[in-house]
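Novice: Attaching a predicted model along with its sequence, questions to come.
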Amino acid sequence: MSELGTVLNAVVPVFLIVGGGFVMRRLDWLNAAADASLLRLTINVLIPCLIFDSLLGNQALTHAGNVILPPLVGFLTVGLGIAVARGCSRWIPDAGGGSRRTFAFCTAMYNYGYIPIPLAMGLFDRETVGVLFVHNLGVEVALWVFGLMLLAGAGLRTSGRRLLNAPLLTIASTLLLNLILPRDQFPTAVLNAAHLVGQCAIPVGMILIGATVADHVAGFHSAGGARTMALGSLLRLAVLPVLFLLVARWLPCSVELKRVILIQAAMPAAVFPIVMVRHYGGDPATALQVVMSTSILSLVTIPLWLHFGVRLAGLQ
């Protein structure tokens with residue numbers, strides 16, 4: 001982690017694959033009709049296999065602190081982001097349609113899946129990847145709880161129904177399996193199959209992200225909103241990373257969780273909230289401005305935060 005080149009070697013392939021998805025969509029090699037089936041395949045099969053392969057027998061998860069604390073950190077860091085962004089949202093124009101609530105939600109929701117997972121794999125170890133998945137339990141809960149409350153005014157009961165999905169159920173069941181059977185008692189063929197299928201999850205997911213970005217480029221250019229993009233980028237890529245890294249520095253937790261917080265601190269806004277905003281009545285233009293601007297700038301900021309954030313996070 002001490003060399004910037006090591007960080008770049010982990011970051012650049014991620015953006016190359018995302019860029020590949022962008023080009024595939026532009027050339028119509030991957031059309032929009034395929035998205036729904038590929039997304040279902042990724043969420044219901046590929047990601048669960050990757051989770052099973054990463055969590056089963058993971059030594060870091062034998063410590064209670066790495067099972068209980070990471071989801072709390074995931075949930076609370078999103079809550080922190082919403083509090084900061086909601087407080088600052090008065091500085092952007094109120095375009096109606098819940099634009100300021102949309103701004104707070106999209107700025108707070110960092111990319112917690114397809115980009116940080118390969119970075120954790122490339123920069124750290126299997127133990128850190130396992131803790132990242134457990135951490136993402138809390139982020140997923142925050143996505144639906146805060147998202148539906150801000151965008152649709154929904155209560156906890158409505159949000160809770162969205163949490164019954166294959167990745168979260170796989171995390172819970174694999175953590176339970178760790179208490180019952182050691183990894184070496186599972187058939188080798190099953191473990192190898194899960195590993196091979198799971199390795200497809202991240203490339204397919206990143207290609208889909210690139211295709212989604214290609215779909216929204218036109219809307220991003222026509223949306224305008226320089227102040228919204230500037231403030232969203234400042235908060236997501238500068239202010240919140242510092243706060244996250246201070247949490248990592250002072251929180252009494254494992255080194256694996258500190259690494260997870262470091263990676264998440266460097267992330268741009270997540271892409272999926274664009275879909276949620278369209279569906280639940282937020283302001284799509286604001287969502288596009290925040291997500292696209294932070295994603296583009298993160299090409300520069302991710303390597304810098306991963307390189308220089310190590311010291312601030314207390315990992316050196």
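Specialist: Received, thanks.
Novice: Quick check: next helix or strand after the least confident helix or strand in the chain by mean pLDDT?
Specialist: In the chain, the helix or strand scored least confidently by mean pLDDT, DSSP states H and E is helix 156-161, which has a mean of 60. Moving toward the C-terminus from helix 156-161, the next helix or strand (DSSP states H and E) is helix 166-180.
Novice: same for the longest helix seen in the chain, what does it pack against?
Specialist: In the chain, assigned by DSSP state H, the helix with the most residues is helix 284-312. Helices and strands touching helix 284-312, by 3 or more Cβ pairs under 8 Å, 6 or more residues apart in numbering; DSSP states H and E, are helix 4-26, helix 99-108, helix 116-123, helix 201-223, helix 226-234, helix 240-250, helix 255-265, helix 272-280. All C-beta atoms are positioned from the backbone trio N, CA, C, and that covers glycine.
Novice: out of those, nearest to Asn178?
Specialist: Taking Cβ to Cβ, helix 255-265 is the member of the helices and strands packed on helix 284-312 nearest to Asn178, at 15.2 Å.
Novice: Not counting that closest one itself, show me its contacts.
Specialist: Residues outside helix 255-265 that contact it (Cβ atoms under 8 Å, 6 or more residues apart in numbering): 60, 65-66, 69-70, 73, 77, 110, 112, 116, 119-120, 123-124, 127-128, 130-132, 135, 240-241, 244-245, 247-248, 251, 305-306, 309-310, 313-315.
Novice: what does stretch 85-101 give?
Specialist: 103-105, 107-108, 150-151, 225, 227-228, 231-232, 235, 281-283, 285-286.
Novice: Any chance of a PyMOL selection covering the buried ones in those residues?
Specialist: To isolate the buried members of the contacts of stretch 85-101 in PyMOL, using 16 or more other Cβ atoms under 10 Å:
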select buried, resi 103+104+105+107+108+150+151+225+228+231+232+235+282+283+285+286
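Novice: quick one, phi/psi of the closest residue to Pro71 other than its chain neighbours?
Specialist: Using Cβ to Cβ, 6 or more residues apart in numbering and skipping residues adjacent in sequence, the residue nearest Pro71 is Gly138, 3.5 Å away. Here is the backbone geometry of Gly138 (degrees, to the nearest 10): phi -70, psi -40.
Novice: ok, Gly138 - how many residues close by?
Specialist: Counted with other Cβ atoms under 10 Å, residues neighbouring Gly138 total 21.
Novice: what do you get for Ile263?
Specialist: For Ile263, the neighbour count with other Cβ under 10 Å is 28.
Novice: residues near Tyr280, how many?
Specialist: That count, for Tyr280 with other Cβ under 10 Å as the rule, works out to 18.
Novice: wait, it sits on Leu151?
Specialist: Yes: the pair Tyr280 and Leu151 passes the contact test of Cβ atoms under 8 Å, sitting 4.0 Å apart.
Novice: ok, the spatially most central residue of the chain to Val134 distance?
Specialist: Most central in the chain under Cα atoms, centre = their mean is Tyr112, positioned 1.3 Å from the mean C-alpha point. Distance, Tyr112 to Val134, by Cβ to Cβ, to the nearest Å: 12 Å.
Novice: ditto for Asn31
Specialist: For Asn31, the distance to Val134 equals 36 Å [Cβ to Cβ].
Novice: The two: who's more crowded?
Specialist: Each of Asn31 and Val134 has its neighbours counted (other Cβ under 10 Å); Val134 has more, 29 against 11.
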